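Q: take a look and give me a structure for this.
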Amino acid sequence: MTANPLPENIKYCPRCANSLVWKMDGGRDRPACPTSGCKFIFFGESSIGCAGVVLRDNKALLVQRGWEPFSGTWQLPGGYVEQDEVITEGVAREVMEEAGVEAKVNRAVAFRHSLGGTAGGPSANVYIVFALDYLSGEPVWDGDEIANAGFFSLDEMAQMEGVQGLSRWAIELTLNSNNSQGLRIQQGGSMPTRAGWSLFGIDMPDPDLL
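A: Numbering: from 1, shown residues only. Just a heads-up that it's a prediction; the model follows:
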């Protein structure tokens, strides 16, 4: 019986460059390195995206895509988080790059998990939406990747063509919540720490107020 061929995009170990083989792990056959001491296993492709809800005077910052896919669509500024990037810095960077607005993460308000598929196996994306505090700047855009940008109210969005449903939902969620709702970066006290971690959680109530 001939074994199934390995996916075209993952035939060799990215750590030691040896040829991969199939290995049963977690109830599935997965491409894995047979080299003693390497232990690399390919679990599929995954990525992390982020977007920022930046409010000013109850208006939310939107950018209009200039590139395909979905050219012309209005959506929250955002993009992919780099592998060596702190996620809160990543979303602030995307807001600045796409719209020229300086903002700082306040809390995480929503996330979306999506499944896809490629010839190389399963793929997944986690897209995290943050509420950011507006600091400074007026919307500016490059006229290429981003065709337009501005702050818009929900009423104004209702009159606009091509406002992304996910973005509008996240804006409504942010507008209808308060600063005590959502996940915030947790630091100090009994919080576990590790190099490279960003730990988010709900705020614990002040025991003096209970």
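Q: pLDDT score for Met204?
A: On pLDDT, Met204 comes in at 71.
Q: how many neighbours does it have?
A: Neighbourhood size, Met204 [other C-beta atoms under 10 Å]: 8. C-betas here are computed from N, CA, C, even on glycine.
Q: and it, how far is that from Ala195?
A: 24 Å (C-beta to C-beta, to the nearest Å).
Q: avg pLDDT for stretch 87-104?
A: Mean predicted lDDT for stretch 87-104 stands at 98.
Q: contacts for the longest helix seen in the chain, please.
A: Longest helix in the chain by number of residues (criterion: DSSP state H): helix 87-99. The contact list for helix 87-99 (C-beta atoms under 8 Å, 6 or more residues apart in numbering) reads 48, 50-52, 54, 61, 63, 77-79, 81-82, 85, 101-105, 128, 130, 132, 137, 139-141, 145-146, 149, 185, 198.
Q: cool, and stretch 50-57?
A: Stretch 50-57 is touched from outside by 60-61, 75-81, 87, 90-92, 94-95, 101, 103, 105, 109, 127-134, 151, 167, 170-171, 174-175, with contacts defined as C-beta under 8 Å, 6+ apart.
Q: buried ones in it?
A: For stretch 50-57, burial by neighbour count (16 or more other C-beta atoms under 10 Å) applies to Cys50, Ala51, Gly52, Val53, Val54, Leu55.
Q: stretch 13-22 too?
A: Neighbour-count burial for stretch 13-22 [16+ other C-beta under 10 Å]: Cys13, Leu20.
Q: three-state assignment of Ala170?
A: Classification of Ala170 by DSSP: H, G, I helix; E, B strand; the rest coil places it in helix.
Q: grab the nearest non-local neighbour of it.
A: Leaving aside its sequence neighbours, Ala170 sits nearest to Val129 (C-beta to C-beta, 6 or more residues apart in numbering; 4.5 Å).
Q: so what's the nearest residue to Gln64 once chain neighbours are set aside up against?
A: Spatial nearest neighbour of Gln64, chain neighbours left out: Asn148 (4.1 Å); criterion: C-beta to C-beta, 6+ apart. By C-beta under 8 Å, 6+ apart, the contact set of Asn148 is Val63, Gln64, Trp141.
Q: filter the residues you listed down to the ones in strands?
A: Per DSSP state E, strands hold the following members of these: Val63, Gln64.
Q: reformat the contacts of Asn148 as TSV; add neighbour count, distance to Ser190 and pLDDT.
A: Output for these, formatted as TSV (neighbours: other C-beta atoms under 10 Å; distance: C-beta to C-beta, whole Å; pLDDT from 0 to 100):
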residue	neighbour count	distance to Ser190	pLDDT
Val63	25	40	99
Gln64	19	45	99
Trp141	19	44	98
